[in-house]
Structure formats: C-alpha cells, structure tokens
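Novice: Turn this into a structure:
(one chain, ligands or ions: 1)
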Amino acid sequence: MKVRAVYPGSFDPITNGHIYIAERAAAIFDEVVVSVLVNERKSAAFSVSERCEMARKSLSHVSNITVDSFNGLLVDYVKQQGASVIIRGLRAMSDFEYEFQMALMNRQLAPEIETFFIVTDPKYSYVSSSSVREVFHFGGTVRDVVPPVVFDKLRERYRQ
Ligand code: PNS
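Specialist: Now for the predicted structure:
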C-alpha cells in the first residue's frame with residue numbers, strides 16, 4: 001500500500017529549510033503533497049498561487065512531490081487527499097511546544113492520522129519565512145537560504 005503524506009504550511013515564501021524537509025519526506029513516503037494554507041485571517045506577503053508556484057518550481061526535481069493548497073481543518077484535507085501522515089519540520093526546541101500541541105490536537109480530531117517530525121539540517125535551523133522577508137526587505141542577503149525562484153520573486157516584490 002502506498003503511503004501518502006501531507007506537508008502543510010504557510011510557505012510565505014518557501015525556504016531551503018522547507019525544501020530540505022520536503023526532500024527527506026519524499027525519500028521516506030511514496031507520495032508527498034506540499035500544501036499551502038489558504039488563511040484569510042492572516043495577511044500574507046505572497047498570494048496562495050504565487051506561493052504554490054514557487055514551491056512547485058523549487059521542488060520540480062522530486063518526482064513524488066506535488067504541490068496543492070487547502071483551507072479549513074488540516075485533518076479533513078489530509079483525509080480528502082487519501083493521506084495518513086502529516087509532516088512537520090523541527091528547527092529548535094522553541095518549535096516543539098507549538099508543534100506538540102498541534103500534533104495532539106490533530107490526533108484528538110483524527111487518531112488515525114500520524115504526525116511525523118523531521119529535524120532540519122542545522123544550517124537551516126535559524127531560517128524562517130518571516131526572517132527571510134524581513135532581511136531581504138532591509139537589504140540583507142538571503143541568497144543562500146531560499147531557492148533561486150524565491151530570490152527572484154523577492155526581488156520583484158520588494159525592489160520594484
Ligand atoms: O507554516 P505554518 O504557518 O507553521 O503552518 C501551520 C499549519 C498550516 C500547519 C496550521 O496552521 C494548520 O494546520 N492550519 C489549518 C487549520 C487547522 O487544522 N488547525 C488545527 C490544528 S491545531
């Protein structure tokens with residue numbers, strides 16, 4: 001039986017840290033769906049379609065990864081996708097409390113779905129989408145921590 005996993009997130013924008021987690025998940029599971037949350041309550045720097053496009057382009061080298069978007073409850077989406085696993089990345093202990101709470105809430109909602117944590121490469125342990133946006137906005141270099149397609153998009157967005 002093929003095991004399908006969903007890697008959900010805001011991906012605003014996708015970083016090399018996310019790419020690393022997605023690649024490792026794809027080496028373990030048969031199919032991985034990287035899925036961008038459509039969150040009307042949170043203002044995002046990039047639209048859902050831009051975030052999906054950046055994710056798709058930067059993960060096109062991995063044949064068992066697809067990119068999608070979702071709204072509503074994650075566990076409902078995971079079931080709709082015929083998946084049984086939720087992938088989340090861990091960078092530091094500071095991520096753990098939030099992730100642990102979310103995993104337990106999701107388990108309470110859908111006990112048949114497993115949350116699977118993948119630890120980041122230490123070289124990306126400090127990288128977050130929000131710090132990438134901020135550093136770039138104030139003229140710092142983020143070339144080493146985002147895929148080229150994201151770097152170009154950031155240039156287009158903040159340096160017009
Ligand atoms: O990249 P992020 O912002 O840390 O991802 C958070 C995400 C998208 C995984 C989380 O906010 C989510 O699953 N939202 C959907 C709503 C939901 O199911 N909430 C219950 C889990 S506590």
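
Novice: For residue 33, give the beta-bridge partners.
Specialist: Judged by DSSP bridges, the bridge partners of residue 33 are residue 6, residue 66.

Novice: how deep is it tucked in, by neighbour count?
Specialist: Residues lying near residue 33 (other C-beta atoms under 10 Å) number 24. The C-beta positions use only the backbone N, C-alpha and C, and glycine is treated the same way.

Novice: Give me the distance between it and residue 3.
Specialist: Residue 33 is 12 Å from residue 3, where distance means C-beta to C-beta, to the nearest Å.

Novice: Ok, residue 59 next?
Specialist: Using C-beta to C-beta, one obtains 18 Å as the distance from residue 59 to residue 3.

Novice: Residue 102 too?
Specialist: Applying C-beta to C-beta to residue 102 and residue 3 gives a distance of 21 Å.

Novice: Pick out whichever of residue 59 and residue 3 has more residues nearby.
Specialist: residue 59 (22 against 13).

Novice: Nearest residue to the more buried one in space, please, no chain neighbours.
Specialist: Excluding its sequence neighbours, the residue lying closest to residue 59 (C-beta to C-beta, 6 or more residues apart in numbering) is residue 65, at 4.8 Å.

Novice: Got the confidence number for the one you found?
Specialist: Listed pLDDT for residue 65 reads 98.

Novice: Could you tell me how many residues sit around it?
Specialist: Residues near residue 65, counting by other C-beta under 10 Å: 22.

Novice: residue contacts, it?
Specialist: Residues in contact with residue 65 (C-beta atoms under 8 Å, 6 or more residues apart in numbering) are 22, 26, 32-34, 59.

Novice: same check, this time on residue 88
Specialist: 7-8, 99, 102-103, 115-118.

Novice: what two of those are the furthest from one another?
Specialist: 102 and 118 (14.9 Å; C-beta to C-beta).
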